[in-house]
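Colleague: kindly generate the corresponding structure for this input.
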Amino acid sequence: MEEFAKTLRAKQLWIAGGMLAIVAAALVTRLIVRPAGRWADFVAGFQVGVALGVVGVMTFYLVRYSLARRDPARLQRLQAAARDERTLLIHQSAGSTGVAVVIFTLAGATVVAGNFNAAVFFTLLAATVFVGLVVVGFKAYYAHRY
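Modeller: Residues are numbered from 1 along each chain as shown. The predicted model follows:
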């Protein structure tokens, strides 16, 4: 149990660092680099929306892990959920870890490309959505199968 609490602490530190990086990147793109062209407002709104969405999800997990570290019952439930064999099998079968890296990389590239070229921005956005839908489909299939 103590080892799992240390793992949660490390996750919290990574999440906090990621939140700071996202906020810094959002500020840089708003203050220094401005999208140009007729899609500038859409791209700017998309970038801010992505930043707020990711920070919101990160805040959720940061609070969840903080509460779990303080309450032994929550820590026990979280540890049991993390070690659930069925969930791990579905996650592994769907290739979720590798695909998550691809999705986050595509999403980051989409945000960056929005500052330079609208065509590349929309192409990367479509690729990100497609990969996300494939992952959802795989998870639904394997959840039904197992």
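Colleague: secondary structure element for Trp120?
Modeller: Actually, residue 120 is Val. It isn't Trp. According to DSSP states H and E, Val120 maps onto helix 118-145.
Colleague: just Gly45 next, same as before
Modeller: Secondary structure (DSSP H and E) places Gly45 in helix 40-70.
Colleague: okay, the residue lying closest to Ala26 once chain neighbours are set aside and Val63: tell me how far apart.
Modeller: Among residues not flanking Ala26 along the chain, Ala51 sits closest, at 4.1 Å (Cβ to Cβ, 6 or more residues apart in numbering). From N, CA and C alone the C-beta is placed, and that goes for glycine too. Distance, Ala51 to Val63, by Cβ to Cβ, to the nearest Å: 19 Å.
Colleague: could you do Arg74 as well?
Modeller: Using Cβ to Cβ, Arg74 is found at 11 Å from Val63.
Colleague: of the two, which one has the most company?
Modeller: Neighbour tally, Arg74 and Val63, criterion other Cβ atoms under 10 Å: the higher count belongs to Arg74, 14 against 11.
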